[in-house]
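next come a sequence and a model predicted from it.
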Amino acid sequence: MSEFQSGNLIYLVVLGTALIVMFIVNNRQGIGATLRQLVTWGLIFLAVLAAYGLWEDVRRTVVPTQTVIASENRIVVPRSADGHFYLTLEINDRPLRFMVDTGATDLVLSRRDAEAAGIDPSGLAFYGRARTANGEVRTAPVTLDRVALGPYEDRNVAASVNDGAMDGSLLGMRYLDRWSRIEMGGGEMVLTR
């Protein structure tokens with residue numbers, strides 16, 4: 001159990017104890033009524049704990065994910081709640097999440113994602129420049145040995161590693177041009193090979 005989880009548990013125990021003491025003090029009129037309220041709040045507390053513990057499973061069920069329809073040479077990607085499209089690609093056999101950015105030229109890796117893909121950013125030459133919404137950033141060109149999206153695999157894909165602060169990686173037109181058709185509509189994006 002991490003320090004954060006231990007802290008949360010201690011907080012919840014103290015909060016639960018305070019609620020129990022409050023009910024006992026406020027309901028001196030009858031122990032039966034106090035016990036009923038105590039059981040009710042205990043069940044509410046357990047329900048909150050169960051919801052917190054199951055949240056990741058619920059989120060995976062509720063949040064749509066990309067669908068590979070290999071027989072039709074298509075990848076169907078639902079629009080995320082934030083309005084963007086996200087794809088999970090295997091870069092050098094590591095799954096990485098990308099935001100689709102048709103305004104970006106390159107497939108751009110954040111420093112963290114580059115490291116996850118086995119690329120050491122400290123050994124790269126950041127001599128390239130890119131204009132972003134946050135201003136100009138330095139970039140380093142790299143070649144990715146393997147890029148896979150579902151059953152579709154590409155080798156020796158040109159990409160860039162961003163030297164600036166980036167929340168995630170971007171999937172730009174250099175990769176998207178490898179697909180014969182890109183369609184967006186009805187809350188989804190369809191890539192066809």
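Sure, I can see it.

care to break this protein down by domain?
3-62, 67-192 (automatic domain parsing).

where among the ones you listed is average confidence lowest?
Comparing mean pLDDT across the domains of the chain, the lowest value falls on domain 3-62: a mean of 74.

tabulate the domains of the chain (a markdown table), appending mean neighbour count.
C-betas here are computed from N, CA, C, even on glycine. Output for these, formatted as a markdown table (neighbours: other C-beta atoms under 10 Å):
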| stretch | mean neighbour count |
| --- | --- |
| domain 3-62 | 11 |
| domain 67-192 | 16 |
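
where does the closest residue to residue 19 other than its chain neighbours land in three-state SS?
Excluding its sequence neighbours, the residue lying closest to residue 19 (C-beta to C-beta, 6 or more residues apart in numbering) is residue 41, at 5.8 Å. Under DSSP: H, G, I helix; E, B strand; the rest coil, residue 41 falls in the helix class.

just residue 142 next, same as before
Residue 142 ends up strand, using three-state DSSP.

and it, what does it touch?
109, 114, 119, 124, 158, 159, 160, 161 (C-beta atoms under 8 Å, 6 or more residues apart in numbering).

on the three-state scheme, the fifth one is what?
Look at residue 158: counting by three-state DSSP, its state is strand.

quick one: it and residue 107, what's the gap?
To residue 107, residue 158 is 8 Å away according to C-beta to C-beta, to the nearest Å.

likewise for residue 76?
With distances taken as C-beta to C-beta, residue 76 is found 20 Å from residue 107.

got it, and residue 113?
Taking C-beta to C-beta, one finds residue 113 at 11 Å from residue 107.

overlap in contacts of these two?
Counting by C-beta under 8 Å, 6+ apart, the residues touching both residue 113 and residue 107 are residue 169.

which residues touch the spatially closest residue to residue 164 that is not a sequence neighbour?
Nearest non-adjacent residue to residue 164, counting by C-beta to C-beta, 6+ apart: residue 137, 3.6 Å away. Residue 137 is in contact with 129, 130, 162, 163, 164, counting by C-beta under 8 Å, 6+ apart.

name the element residue 137 belongs to?
strand 135-149 (DSSP states H and E).

tell me the strands beside that strand, with direction?
strand 86-91 (antiparallel), strand 128-132 (antiparallel), strand 152-162 (antiparallel) (DSSP bridges).

mind putting the ones you listed into JSON lines with distance to residue 192?
Below are the strands paired with strand 135-149 laid out as JSON lines (distance: least, C-beta to C-beta, whole Å):
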{"stretch": "strand 86-91", "distance to residue 192": "14"}
{"stretch": "strand 128-132", "distance to residue 192": "28"}
{"stretch": "strand 152-162", "distance to residue 192": "10"}
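
to residue 18, which of those lies closest?
Of all the strands paired with strand 135-149, the one in closest proximity to residue 18, counting by C-beta to C-beta, is strand 86-91 (41.8 Å).
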